[in-house]
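*Asks:* got a structure for you, letters missing:
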Ligand code: GLC
């Protein structure tokens, strides 16, 4: 369990009674902490919920949900001034003693870099290799259908032109370009949906402390999240009113977005979460907002950072995961998820009913690390053949069968637990669409025969290996459905079957 997760678990113990009550009315969201300081059942909360519900259930949101549920796979991008440091500041790495997570975009907090010092990074932010079309081409080759990029992270620096704060890529850097605009347009050209991350509650530069000081309990877990080393003399409410909400308004009014990914609500009051929801809805009801808006006003759930839920959940949700062990570029993290692991993250989430938003952290020149690109493209080759089992699918009655049982419990979990992704030929994952069940495998059998226990007794009309037209033979046995596979034509990872019922 990483630091953030262990902290949130402690907070959850404090807030569990109240959050559990929330989940009765908003079952689409995951019951994990800390999602704001609104008091469930209070007159304020009931009033806000009554105004929120018609928006959340509107036809616009339903269209947004349909698109979201069909797309399944997107590219998350963490990019900002921290990319120029690559996780090292004045010779100190993220792992050297410090406070907060060791992911590279947290370098300002962890190394306690004063605001004025950190701002100097903007003077040398000149990523001349940045090419929006190239990033979008990588997402496309990976088989991704949407993109979400950090338009402003916790360091307060925006990647878009803003009248609200000149601490942005157009006004404060020699680069002088609107990165969000360039990506929005490149995505549009290629038919990729475009969304942004925006750290609405936490801003180490301009007074966003997630409401910890003014709305948190007497002993808040202040050291992990907020800027206590060089705080701005700004009240949380003023930060929301003067920077955060106006910048979100700029984003939804000036850019064509399908998703907005807000972050780190912790003790944000309910009225603020609601104001964000209403602002976004009024600009475009189809934009979906994630659960981290706070106070359970989100349109879709987030199980946690690098967390795959253990059970099927038919509501809208999105697993967010890293391709190595950091979101922002970390120059010395070469622990890349190999293609088979990437496919596992995709298949395991989709078979449980969720999406996968898989992150890359481009470096300070604007280059996505090469190994991440290679691995994503290799996984994309699998999707070219087997995409029918993923896109537009819905969970079946069970998500998987087989001997490999992996639990994914947070950003540092995978590395610490030294997990192996050595899948067996009797590991299967399932999805469905109309009258078809899809069976996905990440390993091939030695003798062309497989037994799918979960399909025992089903009346089967036809079976096809995706990407091949050969006839497939099968037989129902006492143990399950026995299938004889034809020779698999491509030499990639695993395969998928389309089973017509
Ligand atoms: C956490 C981290 C942040 C990262 C995000 C991704 O909130 O603070 O650095 O952007 O998770 O899910």
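*Replies:* Looks like it came in fine. In this text the structure is predicted, and so the values were computed from the model without any measurement.

*Asks:* Just give the number of residues close to residue 245.
*Replies:* When neighbours are counted by other C-beta atoms under 10 Å, residue 245 registers 17. C-betas here are computed from N, CA, C, even on glycine.

*Asks:* Which of the three states applies to it?
*Replies:* helix (DSSP: H, G, I helix; E, B strand; the rest coil).

*Asks:* before we move on, what about the one 3 residues further on?
*Replies:* With three-state DSSP as the basis, residue 248 sits in helix.

*Asks:* my read: it touches residue 279, true?
*Replies:* Yes - the pair residue 248 / residue 279 is scored as a contact, 6.1 Å apart, by C-beta atoms under 8 Å.

*Asks:* Same drill for these two, tell me which one is more crowded.
*Replies:* residue 248 (25 against 17).

*Asks:* give me the element residue 342 is part of.
*Replies:* helix 339-350 (DSSP states H and E).

*Asks:* Contacts only, for the residue of the stretch 1-150 of the chain found nearest the ligand.
*Replies:* Residue nearest to the ligand within the stretch 1-150 of the chain (C-beta to the nearest ligand atom): residue 105, separated by 4.9 Å. Counting by C-beta atoms under 8 Å, 6 or more residues apart in numbering, residue 105 touches 78, 80, 82, 150, 153-155, 326-328, 361.

*Asks:* Go ahead and report the secondary structure state at it.
*Replies:* helix.

*Asks:* Tell me, what's the model's pLDDT at it?
*Replies:* Model confidence at residue 105, given as pLDDT, is 98.

*Asks:* could we number from 80 for the rest of this?
*Replies:* I'll keep to 80 as the first residue from here, and by that count the last item is residue 184.

*Asks:* Not counting its neighbours along the chain, what's nearest it?
*Replies:* residue 407 (3.3 Å; C-beta to C-beta, 6 or more residues apart in numbering).

*Asks:* My guess is that neighbour contacts residue 159. True?
*Replies:* Yes - between residue 407 and residue 159 there is a contact at 7.1 Å, judged by C-beta under 8 Å.

*Asks:* where do the contact lists of the two overlap?
*Replies:* 184, 232.

*Asks:* looking at this structure, which helix or strand is least sure?
*Replies:* When each helix and strand of the chain is scored by mean pLDDT, DSSP states H and E, helix 82-104 comes last, with a mean of 33.

*Asks:* returning to what we had before: selection in PyMOL covering whichever of the contacts of residue 184 are buried, please.
*Replies:* Selecting only the buried entries of these in PyMOL, with 16 or more other C-beta atoms under 10 Å as the criterion:
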select buried, resi 157+159+161+229+232+233+234+405+406+407+440
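
*Asks:* In space, what's closest to residue 266 - neighbours in sequence excluded?
*Replies:* residue 273 (4.0 Å).

*Asks:* Next: residue 258.
*Replies:* residue 238 (4.1 Å).

*Asks:* What's the separation between the one you found and the ligand?
*Replies:* 14 Å (C-beta to the nearest ligand atom, to the nearest Å).

*Asks:* so who does that residue touch?
*Replies:* Residue 238 touches 158-159, 228-231, 247-248, 257-259, counting by C-beta under 8 Å, 6+ apart.

*Asks:* counting contacts, what elements does the strand or helix carrying residue 399 pack onto?
*Replies:* Here residue 399 sits within strand 397-401, counting by DSSP H and E. In terms of contacts (3 or more C-beta pairs under 8 Å, 6 or more residues apart in numbering; DSSP states H and E), strand 397-401 is packed against helix 418-429, strand 434-439.

*Asks:* hmm, who's touching the longest one?
*Replies:* Residues outside helix 418-429 that contact it (C-beta under 8 Å, 6+ apart): 151-152, 387, 398, 400, 402, 416, 434-435, 437, 454-455, 457-458, 461, 469, 472, 478-479, 485, 487, 500, 502, 508, 510, 519, 521, 572-573.

*Asks:* coming back round to it: which one, of the helices and strands packed on strand 397-401, ends up nearest to residue 298?
*Replies:* Nearest to residue 298, of all the helices and strands packed on strand 397-401, is strand 434-439, at 32.7 Å by C-beta to C-beta.

*Asks:* What residues does the stretch 330-479 of the chain have near the ligand?
*Replies:* Counting by C-beta under 6 Å from any ligand atom, the stretch 330-479 of the chain comes close to the ligand at 342-343, 384, 399, 406.

*Asks:* the strands in the stretch 180-329 of the chain, which residues?
*Replies:* 225-231, 272-277, 281-282, 287-288 (DSSP state E, counting those that start in this stretch).

*Asks:* With distance to the ligand and mean pLDDT added, can I get the ones you listed in a markdown table?
*Replies:* Listed next are those as a markdown table, based on distance: least, C-beta to the nearest ligand atom, whole Å; pLDDT from 0 to 100:
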| stretch | distance to the ligand | mean pLDDT |
| --- | --- | --- |
| strand 225-231 | 7 | 99 |
| strand 272-277 | 7 | 99 |
| strand 281-282 | 7 | 98 |
| strand 287-288 | 12 | 97 |
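
*Asks:* got these as TSV, with distance to residue 201 columns?
*Replies:* As requested, these are arranged in TSV below (distance: least, C-beta to C-beta, whole Å):
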stretch	distance to residue 201
strand 225-231	13
strand 272-277	18
strand 281-282	15
strand 287-288	18
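
*Asks:* Quick check: which of the ones you listed is nearest to residue 141?
*Replies:* strand 272-277 (16.1 Å).

*Asks:* centroid residue for the protein?
*Replies:* Geometric centre of the chain, nearest residue: residue 399, 2.7 Å, by C-alpha atoms, centre = their mean.

*Asks:* ok, for it, nearest residue in space, not its chain neighbours?
*Replies:* That would be residue 436: by C-beta to C-beta, 6+ apart, it lies 4.9 Å from residue 399.

*Asks:* show me what contacts residue 336?
*Replies:* Residue 336 touches 263, 273-275, 330, 363, 366, counting by C-beta under 8 Å, 6+ apart.

*Asks:* what's the closest of these to residue 532?
*Replies:* For the contacts of residue 336, the nearest to residue 532 is residue 274 (39.1 Å; C-beta to C-beta).

*Asks:* Kindly state the beta-bridge partners for that closest one.
*Replies:* Beta-bridge partners for residue 274, by DSSP bridges, are residue 227, residue 338.

*Asks:* My read is that it contacts residue 341, right?
*Replies:* No - judged on C-beta under 8 Å, residue 274 makes no contact with residue 341 at a distance of 11.2 Å.

*Asks:* Just the pLDDT for the residue nearest to residue 258.
*Replies:* pLDDT, read off for residue 238, is 99.

*Asks:* Likewise for the one 3 residues further on?
*Replies:* What the model reports as pLDDT for residue 241 is 98.

*Asks:* is it true that it touches residue 247?
*Replies:* Yes - judged on C-beta under 8 Å, residue 241 makes contact with residue 247 at a distance of 4.8 Å.

*Asks:* where in the stretch 80-229 of the chain is pLDDT low?
*Replies:* Judged by pLDDT under 70, the stretch 80-229 of the chain has its weakly predicted residues at 80-107, 111-112.

*Asks:* typed the wrong thing, it's the stretch 230-379 of the chain
*Replies:* 300-302.

*Asks:* Pop the domain breakdown of this protein in here.
*Replies:* 82-468, 477-579 (automatic domain parsing).

*Asks:* related to what we said a few turns ago, can you state the direction angle for the helix holding residue 421 and strand 434-439?
*Replies:* Going by axes from the mean of the first three to the mean of the last three C-alpha atoms, to 10 degrees, helix 418-429 is angled at 150 degrees with respect to strand 434-439.

*Asks:* what's the spacing between helix 418-429 and its chain's center?
*Replies:* 14 Å (C-alpha atoms, centre = their mean, to the nearest Å).

*Asks:* where along the stretch 180-329 of the chain do the helices fall?
*Replies:* 186-189, 194-198, 211-220, 258-269, 291-294, 301-304, 315-318, 324-333 (DSSP state H, counting those that start in this stretch).
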